[in-house]
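Q: Pasted the sequence and its predicted model underneath.
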Protein chains: 2
Amino acid sequence: MLQISRRGQAMPASPIRKLVPYAEAAKRKGIKVYHLNIGQPDIETPKMVLDAVRHSDFKVLEYSHSAGNESYRRKLVSYYKSVGIDVDHNQIIVTTGGSEAIQFGFMACLDAGDEVIIPEPFYANYNGFAVAAGVTVVPVTSYIENGFALPPVAEIEKKITARTKAIVICNPNNPTGYLYSNEEMQQLKQLILKYNLYLFSDEAYREFCYEGHQVSAMHLQGVDDNVIIMDTISKRYSACGGRIGAFITKNKMLLDAVMKFAQARLSPPSFAQIAGEAAVDLPADYFDQTKAEYKSRRDLIVKRLNSMDGVFCPNPGGAFYAIARLPIDDADLFCQWLLESFSHNSHTVMLAPATGFYGTPGLGKKEVRLAYVLNLDDINGAMDCLEAALKAYPRKTN
Amino acid sequence: MLQISRRGQAMPASPIRKLVPYAEAAKRKGIKVYHLNIGQPDIETPKMVLDAVRHSDFKVLEYSHSAGNESYRRKLVSYYKSVGIDVDHNQIIVTTGGSEAIQFGFMACLDAGDEVIIPEPFYANYNGFAVAAGVTVVPVTSYIENGFALPPVAEIEKKITARTKAIVICNPNNPTGYLYSNEEMQQLKQLILKYNLYLFSDEAYREFCYEGHQVSAMHLQGVDDNVIIMDTISKRYSACGGRIGAFITKNKMLLDAVMKFAQARLSPPSFAQIAGEAAVDLPADYFDQTKAEYKSRRDLIVKRLNSMDGVFCPNPGGAFYAIARLPIDDADLFCQWLLESFSHNSHTVMLAPATGFYGTPGLGKKEVRLAYVLNLDDINGAMDCLEAALKAYPRKTN
């Protein structure tokens, strides 16, 4: 019989998208669903970014350079300079979304059977890319009680084996919103130096820090060969559909290896490279405005959550996600129940069960991730639903 | 020491792009280089296709569905119907170029150590995707003497082992231009049925057939679960930079597996999906015009090649490539010499050595691939250069 490969079988279904059929059924019943389940912002893509594509006048939609248009990479150098990252355009490989940057890193640095350590809860698709690459994800648990801070270095060290090749962080973090402190980043630096590991730093949410500033992995001194930044324009400019990201390292040998993977897939998308290039010229206050908007959303959602009986939500320092602990038996059942069996004035809310973000089975059963990607009115509407739902839910716990 | 993974080391550098530094050096010396080395057509992307993107008026560049916009997939159903392929929109997963469709197929159908049989010479990037997936490419040689027809089935059968999971064809073929006959397709059908194999059919050049029509793998009866089409809009509409392709199968279990890989990378590029959707509405005579243009280029290049002393070029039935055998010692050295040491009236020509398209070491040493993606004047100019070069080349053979 024709078979699916073992990795095809092992590949995890998206934990965020598996509730979609229940949401669709709710909508068919006339219920409005507030989508706090995915990181698709409602913020408009800056008009000048879209206009750059709309006003383009080329005649042939050609392949770009496999590393991305040189003009775009040169422009990106000035963007990175503005956030204190000093890179050359030859140290940037433009990718098809941040997703491809992660895949390139896994493929070029790790072999099947190698291990990568990731603080959990973590961005669920790291699991998928690990399965595709045959790599084993070794989670180190961070805890909601201390706001999902970096686990103690001793806990991370315990997980290191001869097969460990890399540590992956996402900073500020998806799904926790945690912003790593300078002290934590220095601890990671000592660790990767001591054990000679790669540090993959997913910095998709760099611009959205509400308590202090991001310390980029590229701000660390003396670990140039170890550090890789996985980046994307998706969240920075609310341009998720562009599928433009970047793989950045100063490690020449690694750049050469990744370029071979980049050449095999020919080039990143041409239209959105035009958008990305234009975005670098946005006025200096662009991020101030979007950051202020996200901060007010965060402040509202965290306040609303913590005012509910039995709910605890640490205040996230960045990104646009929060994880809350709810007084429920099982987040997967609860999130399904919200869509299938509950409504409040014909509204309900779609959340992501946190279980999908943990590598350790059984963790996150009372936790949900909320993406504060909707405007304040909608967040209030969604929180009204959640508050009413927690009162009505038949399988409440403490 | 930090290391590159074994697969990162094994990943082949692009055989087409490795001569690029020599071409750049030639240009710096003021030499005009005719690029017959890559499949980047000079044909303009249809204006209405680009205009669809330019006239789009959305406010947020959102993720699309992981399988691609439903409106686009529904539109594609009518396109495929027009070429005699009967598929449902749920049997189409829109991919980031044909490249990603190939990767999805390898990842979901084959495990590390599994084998895939491919008639050689073949599209060189199959090698890269195989290395990324840990899959072994088993070549079966086709020969220039009979125009690179499908090798005898007995030769293919000899290569089948317990690890063989799939046969890959590209039809019409890149790099040979060979168009598989209905008889050959029926032979392949019997083979995949007998040995229970997947048939991956790369049909990127479907529209460009000059001697008869393409028999799609989806025209074969009774092998619905075995057949996968890897498709792309890159060549069809001269839209290589869009990075929009498609993975198509009627095998439900395989679609479910591939969807997990598609969800992990979130979505294909949004802008070019708009372009692809608009392209389905091009007037019926669009392909007549482009096909006529390519046919006249083919006729010219084949005639010019065969009129040169010691050169043999079979007449390709489709695509826009031809492989020619030249009276030279070594195609890699010759192609480098063309760029480094030769010019004719300050012009030279860049070709792709055929060695990079063979899986068997040592084959193709006297062969080059020519992409007839330039207009007739440029093809004549390029052939003038090649003709002069073959007279001047110091290491000629018979």
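A: Nice, thanks for sending it over.

Q: Identify the residue of the stretch 1-150 of chain A closest to chain B, quick one.
A: For the stretch 1-150 of chain A, the residue closest to chain B is residue A:128, as judged by CB to the nearest CB, at 3.3 Å. Bear in mind the C-beta positions are built from the backbone N, C-alpha and C, glycine included.

Q: residues near that residue, how many?
A: As a burial measure, residue A:128 scores 23 neighbours (other CB atoms under 10 Å in any protein chain shown).

Q: Test for you: state the pLDDT assigned to it.
A: According to the prediction, residue A:128 has pLDDT 95.

Q: In a helix, it, correct?
A: Yes. Applying DSSP: H, G, I helix; E, B strand; the rest coil, one finds residue A:128 inside a helix.

Q: these two touch, right, it and residue B:261?
A: Yes. The pair residue A:128 and residue B:261 qualifies as a contact (CB atoms under 8 Å) at a distance of 7.2 Å.

Q: and stretch A:251-262, anywhere near chain B?
A: Yes. Contact of stretch A:251-262 with chain B is found when judged by CB under 8 Å from any CB of the partner chain, involving A:251, A:253, A:254, A:257, A:258, A:260, A:261.

Q: Out of the residues you listed, which sit inside helices?
A: Among these, the residues falling in helices (DSSP state H) are A:253, A:254, A:257, A:258, A:260, A:261.

Q: Out of the residues you listed, the closest to residue A:348 would be?
A: Comparing those against residue A:348 with CB to CB picks out residue A:261 as the nearest, at 42.7 Å.

Q: Please tell me how far the helix or strand where residue A:98 lies is from the chain's geometric centre.
A: Secondary-structure assignment from DSSP states H and E places residue A:98 in helix A:97-109. The chain centroid and the centroid of helix A:97-109 are separated by 14 Å, computed with CA atoms, centre = their mean, to the nearest Å.

Q: Against which helices or strands is it packed?
A: Helix A:97-109 sits against strand A:92-95, helix A:125-133, strand A:164-170, strand A:198-202, strand A:227-232, strand A:245-249, helix A:252-264, helix B:6-10, with contacts defined as 3 or more CB pairs under 8 Å, 6 or more residues apart in numbering or on different chains; DSSP states H and E.

Q: For these, give me a markdown table that also has distance to residue B:90.
A: Converted to a markdown table, these look like this (distance: least, CB to CB, whole Å):
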| stretch | distance to residue B:90 |
| --- | --- |
| strand A:92-95 | 29 |
| helix A:125-133 | 21 |
| strand A:164-170 | 33 |
| strand A:198-202 | 32 |
| strand A:227-232 | 29 |
| strand A:245-249 | 29 |
| helix A:252-264 | 29 |
| helix B:6-10 | 33 |
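
Q: Give me the secondary structure label for residue A:322.
A: Going by three-state DSSP: residue A:322 is strand.

Q: List the beta-bridge partners for it.
A: Counting by DSSP bridges, residue A:322 is bridged to residue A:370.

Q: Can you report how many residues neighbour it?
A: Residues lying near residue A:322 (other CB under 10 Å) number 23.

Q: wait, isn't it in contact with residue A:303?
A: No. The pair residue A:322 and residue A:303 fails to qualify as a contact (CB under 8 Å) at a distance of 11.0 Å.

Q: mind listing what's buried in the worst-scoring helix or strand of chain A on mean pLDDT?
A: Counting by mean pLDDT, DSSP states H and E, the weakest-scoring helix or strand in chain A turns out to be helix A:20-28, with a mean of 94. By neighbour count with 16 or more other CB atoms under 10 Å in any protein chain shown, helix A:20-28 contains the buried residues A:22, A:23, A:26.
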